[in-house]
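Here is the input, now give the coordinates:
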Amino acid sequence: MNSAQNLSPAHLETDVLVIGAGGAGMYAALEAVRAGASVILADRSLIGRGGATVMAQMTVAAALGEQTPDHWEYHLADTLAAGRGLCDERLAALLCEDGPRRLREMDDWKVGWAREDGHIKQAQAPGHDRPRCAYVDFLSTGPAVSRTLRTRLKSASDVRLIGDLVIVDIAIQDGEACGAVALHLPTGRAVTLAAKAVIIATGGLTGLYRRNSASANMAGDGYALALRAGAELIDMEFVQFFPIGHLAPRLIGMDPIMWDPFRYKLGGRLLNSERREFETAYASQDSRSDGRYVLTRDLATYAITKEVEAGRGSPAGGAYLSFRHVPEAEIRRAFGSVVDRLLANGIDLARQDVEVAPIAHYTMGGVRVDETLQTRIPGLYAGGEVVGGANGANRLSGNAITEALVFGARAGRNAAERAKAQSLSWSAEAVRPVLDLLRSATRRDAPNPAAAIAGLQAVMADKVGPFRTEAKLRSALSSILQLSQEIGNVPLSTGAPFDTMMTDWLDLRNMLLVARSVTEAALARSESRGAHQREDQPRLSEDWCVNQTISLSQGDISLRRIAPANGRPVA
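Predicted coordinates:
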């Protein structure tokens with residue numbers, strides 16, 4: 001225990017507490033302030049620099065109809081089709097109907113959407129029936145969105161931005177959310193935050209996996225916070241994997257999923273260690289090909305996985321993606337200055353291959369909410385990727401940033417309206433167990449939580465990855481339970497400021513709970529649907545056209561099946 005842990009906690013009060021400062025969290029804070037609430041926006045990293053939005057470098061889907069006639073109901077139809085019958089249609093409709101309003105507001109805020117003939121330019125993306133995806137510039141969309149929101153926050157009144165703050169638990173008083181307890185990283189001191197409403201906007205859980213496209217702080221914190229607060233999760237078995245995530249050589253400051261448009265425009269070839277193209281060997285009769293893509297994303301993921309398992313993987317454990325058959329002038333004509341950024345990373349596409357592999361990319365499941373984005377715990381809201389239900393079994397391309405903006409704004413506005421009608425119900429007793437947990441931290445040599453996190457990520461990648469079996473899932477569950485026993489219920493600490501051992505232990509506590517949620521839901525769903533693929537149960541089953549919810553009951557995970565969208569229990 002360090003000396004800061006002996007101090008009484010610092011205490012702050014606000015109307016609305018927003019946890020997570022990615023796109024959803026920043027938009028929630030802005031909307032809450034516009035609705036007349038005071039806001040604390042807290043994040044464990046720098047405000048607007050963590051989360052997924054800043055890393056999302058592709059497109060944003062919305063039925064703007066600027067170049068091609070469109071309507072949000074067409075966008076909804078495509079979203080529902082991608083979700084394989086499991087979308088919460090209420091949430092999906094909110095996303096699609098409000099998406100154009102949010103993108104036009106971002107346009108008013110000078111985000112810089114690409115234009116053609118005076119209209120916002122929109123590209124065709126997989127799964128959409130027409131060009132619908134706006135963008136800023138190739139590989140620049142997410143950073144531009146984040147920068148625009150940060151700029152708006154700087155000029156907003158009555159919002160306090162606090163970085164380096166790890167939220168440990170949500171505070172509950174008389175069954176309602178009343179704030180949170182946090183750990184201030186630089187000092188190790190506990191911080192209590194009283195609020196009339198709390199919004200979880202912490203992003204997804206792909207950091208649970210060894211290879212992922214997430215920022216370092218996206219390992220499922222929000223799901224664990226929601227569960228321990230008494231909220232439900234939904235659709236946790238559905239984790240989306242991107243087939244050609246960057247693997248090697250080292251790539252700095254660029255999106256690991258950037259190779260898709262390169263492959264599409266230039267006809268990149270997937271090669272195994274024998275320098276042999278292998279896509280056609282895995283193509284089914286109904287695989288669509290335009291001469292450049294032979295395999296859809298799910299089949300490409302399968303093909304690369306099976307080549308590696310057969311011992312024909314590249315040195316880093318994936319496949320080669322080669323553009324060496326494409327003239328250098330054509331590569332530069334297609335991607336311009338991006339080619340120079342690659343050269344700065346030591347990658348010359350005209351003369352060398354890159355290694356790619358499937359990586360965890362997005363979480364369809366998440367916190368279960370109603371149309372106001374409130375959980376079943378009054379005063380506890382969620383926004384962005386941490387929300388479950390809208391995407392069903394698989395997310396439609398381009399919906400991620402739209403979801404962050406739409407759900408962030410709606411959560412912020414509704415949380416502010418609640419705060420205006422509530423008095424502060426903070427109670428020191430409500431947070432005493434969490435403070436006692438932090439004060440109980442001990443200095444021990446083993447286990448090493450950082451090593452345990454790496455071990456958990458390996459288990460999730462190898463046994464709860466894109467292709468699952470009952471045997472793999474049961475083995476993963478056994479490993480998760482064993483790790484939970486090993487780390488125990490008492491935090492580990494070095495006794496120093498910036499106590500990485502303490503934060504690793506707290507992270508591992510959350511990760512194990514969320515990993516178990518994913519694994520148990522995947523084990524229960526004995527079919528293949530969307531992003532959940534069971535090699536031992538390869539068919540889609542009508543009996544499984546249901547959502548699974550997860551809650552904590554006496555500290556243990558409880559699964560329940562419900563009919564999509566209406567919440568009625570099913571047998």
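
mind checking the SS state of the one residue sitting closest to the centre of the chain?
The residue lying closest to the centre of the chain (CA atoms, centre = their mean) is G204, at 2.5 Å. State at G204, reduced to three classes by DSSP: H, G, I helix; E, B strand; the rest coil: coil.

Could you report the separation of it from R341?
Going from G204 to R341 by CB to CB, to the nearest Å gives 26 Å. All C-beta atoms are positioned from the backbone trio N, CA, C, and that covers glycine.

report the longest strand in this protein, please.
Looking across the chain with DSSP state E, the single longest strand is strand 189-200.

So which bits of that one are buried?
In terms of neighbour count (16 or more other CB atoms under 10 Å), strand 189-200 has its buried residues at R189, A190, V191, T192, L193, A194, A195, K196, A197, V198, I199, I200.

Okay, and the beta partners of the first one?
It refers to R189. H184 (DSSP bridges).

That one is in contact with P9, isn't it?
Yes: if you go by CB atoms under 8 Å, R189 and P9 touch, sitting 6.9 Å apart.

helices or strands up against the host helix or strand of R150?
Secondary-structure assignment from DSSP states H and E places R150 in helix 141-155. Other helices and strands packing on helix 141-155, by 3 or more CB pairs under 8 Å, 6 or more residues apart in numbering; DSSP states H and E, are helix 23-34, helix 399-421.

Tell me who's in contact with P100.
By CB atoms under 8 Å, 6 or more residues apart in numbering, P100 lies in contact with A62, A63, L64, G65, W72.

TSV for the residues you listed, including neighbour count and secondary structure?
As requested, the contacts of P100 are exported to TSV (neighbours: other CB atoms under 10 Å; DSSP: H, G, I helix; E, B strand; the rest coil):
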residue	neighbour count	secondary structure
A62	32	coil
A63	24	coil
L64	25	coil
G65	17	coil
W72	21	helix
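
Could you single out the nearest of the residues you listed to D436?
Nearest to D436 among these, counting by CB to CB, is A62 at 47.1 Å.

Need the pLDDT of the closest one.
A62 carries a pLDDT score of 96 in this model.

Can you tell me which helices and strands the helix or strand where L508 lies packs against?
Under the criterion of DSSP H and E, L508 resides in helix 500-524. Contacts defined by 3+ CB pairs under 8 Å, 6+ apart place helix 500-524 against strand 165-173, strand 176-184, helix 221-229, helix 449-463, helix 470-487, strand 547-553, strand 556-562.

Nearest approach to D137 belongs to which of the ones you listed?
Here helix 221-229 is closest among the helices and strands packed on helix 500-524 (CB to CB), at 30.2 Å.

which residues make contact with that closest one from outside it?
For helix 221-229, the external contacting residues (CB under 8 Å, 6+ apart) are 19-20, 167, 169-170, 172, 177, 200-203, 205, 232-233, 236, 366-367, 375, 377, 380, 382, 386, 507, 509-511, 513-514, 517, 550-552.

ok, now how distant is K121 from P100?
Taken as CB to CB, the span from K121 to P100 is 15 Å.

do G555 as well
G555 sits 44 Å away from P100 when distances are taken as CB to CB.

And for Q485?
Taking CB to CB, one finds Q485 at 50 Å from P100.

A219 too?
For A219 relative to P100 (CB to CB), the value is 33 Å.

What about Q482, how many residues nearby?
For Q482, the neighbour count with other CB atoms under 10 Å is 10.

no, scratch that, I was asking about A310
As a burial measure, A310 scores 11 neighbours (other CB under 10 Å).

Now do the same for it: its pLDDT.
As predicted, A310 sits at a pLDDT of 94.

Equivalent analysis for G291, please.
Reported pLDDT for G291: 47.

What of L299?
79.

before we move on, what about A515?
A515 is assigned a predicted lDDT (pLDDT) of 97.

Report the separation between it and A452.
For A515 relative to A452 (CB to CB), the value is 12 Å.

I359 too?
21 Å.

Please apply the same query to E237.
For E237 relative to A452 (CB to CB), the value is 23 Å.

more neighbours, those two?
Counted by other CB under 10 Å, E237 and A452 do not tie: E237 has more neighbours, with 26 against 21.

what's downstream of the helix or strand bottoming out on mean pLDDT in the chain, the next helix or strand?
The weakest-scoring helix or strand in the chain, judged by mean pLDDT, DSSP states H and E, is helix 3-6 (a mean of 54). Going down the chain from helix 3-6, the next helix or strand is strand 10-19, by DSSP H and E.

packing partners for that next one?
Other helices and strands packing on strand 10-19, by 3+ CB pairs under 8 Å, 6+ apart, are helix 23-34, strand 39-42, strand 176-184, strand 189-200, helix 399-421.

Give the pairing partners of the next helix or strand along the chain from the second one; include direction for each.
Right, the one you point to is strand 39-42. Reading on from strand 39-42 to the C-terminus, the next helix or strand found by DSSP H and E is strand 60-61. Strand 60-61 has the following strand partners under DSSP bridges: strand 133-134 (antiparallel).

Can you give me the buried ones in stretch 422-441?
Neighbour-count burial for stretch 422-441 [16+ other CB under 10 Å]: Q422, S425, W426, A430, V431, V434, L435, L437, L438, A441.

Wait, the third one touches G179, no?
It stands for W426. Yes: between W426 and G179 there is a contact under CB under 8 Å: 5.9 Å.

Overlap of the contact sets of these two?
A171, A194.

what about the one helix or strand L95 maps to, average pLDDT?
Per DSSP H and E, L95 falls inside helix 89-108. Helix 89-108 shows a mean pLDDT of 97.

Report the buried residues of it.
Buried residues in helix 89-108 (16+ other CB under 10 Å): 89, 91-100, 102-103, 106-107.

out of these, who's nearest S528?
Minimum distance to S528 across the buried residues of helix 89-108 is 21.9 Å, recorded for A92 (CB to CB).
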